[in-house]
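Asker: Sequence below, structure please.
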Amino acid sequence: MRAAAKHGTLFVIGGAVYVAVELLFRGHSHPTMFVLGGLLFVLIGGINNWFPWEMSLLLQGLIGGVTVTAVELAAGCILNIWLGLGIWDYSNMPLNCMGQICLPFSIAWVGLAIVAVLLDDWLRWRLFGEDEPRYTII
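Answerer: Below you'll find the model as predicted:
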(Lines give C-alpha, C1' and ligand atoms only; values in the text may rest on other atoms or scores of the structure.)
Protein backbone atom coordinates (compact mmCIF):
# COMPACT_ATOMS: atom_id res chain seq x y z
CA MET A 1 0.00 0.00 0.00
CA ARG A 2 2.87 2.37 0.84
CA ALA A 3 4.49 1.77 -2.56
CA ALA A 4 1.20 2.52 -4.33
CA ALA A 5 0.81 5.78 -2.41
CA LYS A 6 4.41 6.75 -3.19
CA HIS A 7 4.03 6.03 -6.90
CA GLY A 8 0.66 7.78 -6.95
CA THR A 9 2.20 10.87 -5.37
CA LEU A 10 5.09 10.83 -7.87
CA PHE A 11 2.61 10.31 -10.73
CA VAL A 12 0.58 13.38 -9.70
CA ILE A 13 3.68 15.54 -9.25
CA GLY A 14 5.11 14.38 -12.59
CA GLY A 15 1.82 15.00 -14.39
CA ALA A 16 1.47 18.47 -12.90
CA VAL A 17 5.06 19.43 -13.75
CA TYR A 18 4.69 18.12 -17.32
CA VAL A 19 1.52 20.17 -17.88
CA ALA A 20 3.23 23.22 -16.35
CA VAL A 21 6.17 22.84 -18.74
CA GLU A 22 3.78 22.58 -21.69
CA LEU A 23 1.87 25.66 -20.55
CA LEU A 24 5.13 27.56 -20.17
CA PHE A 25 6.54 26.61 -23.58
CA ARG A 26 3.43 26.00 -25.71
CA GLY A 27 0.83 28.13 -23.97
CA HIS A 28 -1.61 25.20 -23.80
CA SER A 29 -1.81 21.53 -22.89
CA HIS A 30 -4.27 18.64 -23.03
CA PRO A 31 -5.62 16.50 -20.15
CA THR A 32 -3.96 13.41 -21.58
CA MET A 33 -0.60 15.10 -21.10
CA PHE A 34 -1.10 14.97 -17.34
CA VAL A 35 -1.41 11.18 -17.61
CA LEU A 36 1.52 10.93 -20.02
CA GLY A 37 3.70 13.15 -17.82
CA GLY A 38 2.85 11.21 -14.68
CA LEU A 39 3.59 7.88 -16.33
CA LEU A 40 6.90 9.12 -17.72
CA PHE A 41 7.95 10.62 -14.39
CA VAL A 42 7.37 7.29 -12.63
CA LEU A 43 9.21 5.40 -15.39
CA ILE A 44 12.17 7.77 -15.42
CA GLY A 45 12.25 7.76 -11.63
CA GLY A 46 12.52 4.00 -11.72
CA ILE A 47 15.88 4.14 -13.50
CA ASN A 48 17.71 4.31 -10.14
CA ASN A 49 15.65 1.39 -8.87
CA TRP A 50 16.37 -0.83 -11.86
CA PHE A 51 20.00 0.13 -12.42
CA PRO A 52 22.85 0.82 -9.96
CA TRP A 53 23.20 4.28 -8.39
CA GLU A 54 26.67 4.46 -9.91
CA MET A 55 25.16 4.86 -13.38
CA SER A 56 26.11 8.26 -14.75
CA LEU A 57 23.53 11.02 -14.79
CA LEU A 58 24.13 11.44 -18.52
CA LEU A 59 23.35 7.77 -19.20
CA GLN A 60 20.21 8.05 -17.05
CA GLY A 61 19.22 11.06 -19.17
CA LEU A 62 19.81 9.11 -22.39
CA ILE A 63 17.73 6.17 -21.14
CA GLY A 64 15.03 8.61 -20.03
CA GLY A 65 15.12 10.43 -23.37
CA VAL A 66 14.72 7.18 -25.28
CA THR A 67 11.86 6.22 -22.93
CA VAL A 68 10.09 9.54 -23.50
CA THR A 69 10.54 9.26 -27.27
CA ALA A 70 9.19 5.70 -27.35
CA VAL A 71 6.19 6.52 -25.16
CA GLU A 72 5.56 9.71 -27.15
CA LEU A 73 5.51 7.70 -30.40
CA ALA A 74 3.07 5.15 -28.95
CA ALA A 75 0.86 7.86 -27.42
CA GLY A 76 1.00 9.93 -30.60
CA CYS A 77 -0.08 7.00 -32.74
CA ILE A 78 -3.03 6.37 -30.42
CA LEU A 79 -4.05 9.94 -29.52
CA ASN A 80 -3.17 11.86 -32.67
CA ILE A 81 -3.42 9.35 -35.50
CA TRP A 82 -5.95 6.76 -34.34
CA LEU A 83 -8.22 9.02 -32.23
CA GLY A 84 -7.51 12.17 -34.27
CA LEU A 85 -7.06 14.45 -31.24
CA GLY A 86 -4.27 16.47 -32.85
CA ILE A 87 -2.48 17.20 -29.58
CA TRP A 88 0.90 17.67 -31.28
CA ASP A 89 2.28 17.48 -34.78
CA TYR A 90 5.98 17.45 -35.56
CA SER A 91 5.44 17.08 -39.32
CA ASN A 92 7.26 20.33 -39.99
CA MET A 93 10.25 19.34 -37.81
CA PRO A 94 13.39 17.78 -39.28
CA LEU A 95 13.86 14.03 -39.00
CA ASN A 96 10.31 13.35 -37.81
CA CYS A 97 8.52 10.02 -37.80
CA MET A 98 4.86 10.25 -38.79
CA GLY A 99 4.78 13.71 -37.22
CA GLN A 100 4.74 12.11 -33.75
CA ILE A 101 8.42 12.22 -32.79
CA CYS A 102 11.44 14.07 -34.14
CA LEU A 103 15.16 14.26 -33.47
CA PRO A 104 15.24 17.82 -32.04
CA PHE A 105 12.65 16.98 -29.39
CA SER A 106 14.23 13.60 -28.67
CA ILE A 107 17.44 15.48 -27.82
CA ALA A 108 15.45 17.91 -25.66
CA TRP A 109 13.88 14.95 -23.81
CA VAL A 110 17.37 13.89 -22.68
CA GLY A 111 17.77 17.20 -20.84
CA LEU A 112 14.26 17.05 -19.45
CA ALA A 113 14.86 13.44 -18.33
CA ILE A 114 17.96 14.53 -16.38
CA VAL A 115 15.84 17.15 -14.59
CA ALA A 116 13.20 14.46 -13.92
CA VAL A 117 15.83 12.10 -12.47
CA LEU A 118 17.10 14.84 -10.15
CA LEU A 119 13.60 15.85 -9.05
CA ASP A 120 12.46 12.25 -8.54
CA ASP A 121 15.54 11.39 -6.49
CA TRP A 122 15.12 14.50 -4.34
CA LEU A 123 11.42 13.80 -3.77
CA ARG A 124 12.08 10.16 -2.87
CA TRP A 125 14.77 11.27 -0.41
CA ARG A 126 12.82 14.12 1.21
CA LEU A 127 9.27 12.73 1.14
CA PHE A 128 9.80 8.98 1.43
CA GLY A 129 13.10 8.62 3.29
CA GLU A 130 14.91 6.82 0.48
CA ASP A 131 18.66 7.07 -0.07
CA GLU A 132 20.14 10.55 -0.35
CA PRO A 133 20.87 11.23 -4.02
CA ARG A 134 24.44 10.93 -5.26
CA TYR A 135 25.60 11.20 -8.83
CA THR A 136 28.32 10.54 -11.29
CA ILE A 137 27.95 13.04 -14.14
CA ILE A 138 29.64 11.04 -16.91
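Asker: all helices for the chain, in order.
Answerer: 2-26, 31-45, 47-50, 57-76, 103-128 (DSSP state H).
Asker: Take these and lay them out in TSV including mean pLDDT.
Answerer: Output for the helices of the chain, formatted as TSV (pLDDT from 0 to 100):
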stretch	mean pLDDT
helix 2-26	96
helix 31-45	97
helix 47-50	86
helix 57-76	97
helix 103-128	96
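Asker: any idea which of those helices is most buried?
Answerer: Of the helices of the chain, the one with the most neighbours on average (mean count of other Cβ atoms under 10 Å) is helix 31-45, at a mean of 20. Quick note: C-beta positions are derived from backbone N, CA and C, even for glycine.
Asker: export the helices of the chain to CSV and tack on distance to P94?
Answerer: Output for the helices of the chain, formatted as CSV (distance: least, Cβ to Cβ, whole Å):
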stretch, distance to P94
helix 2-26, 19
helix 31-45, 23
helix 47-50, 28
helix 57-76, 15
helix 103-128, 7
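Asker: Of all those helices, which one comes closest to G86?
Answerer: helix 57-76 (10.4 Å; Cβ to Cβ).
Asker: For the residue positioned nearest the centre of the chain, give its distance to Y18.
Answerer: In the chain, the centroid-proximal residue (Cα atoms, centre = their mean) is L40; its distance is 3.8 Å. As judged by Cβ to Cβ, to the nearest Å, L40 and Y18 stand 7 Å apart.
Asker: between the helices of the chain, which one is nearest to S91?
Answerer: Closest approach to S91 among those (Cβ to Cβ): helix 57-76, 11.2 Å.
Asker: contact partners of the closest one?
Answerer: 32, 36, 39-40, 43-44, 47-48, 51, 87-88, 97-101, 105-107, 109-114, 116-118, 135-138 (Cβ atoms under 8 Å, 6 or more residues apart in numbering).
Asker: Go again with 7 Å.
Answerer: 36, 39-40, 43-44, 47, 88, 97, 100-101, 106, 109-111, 113-114, 116-117, 135-138 (Cβ atoms under 7 Å, 6 or more residues apart in numbering).
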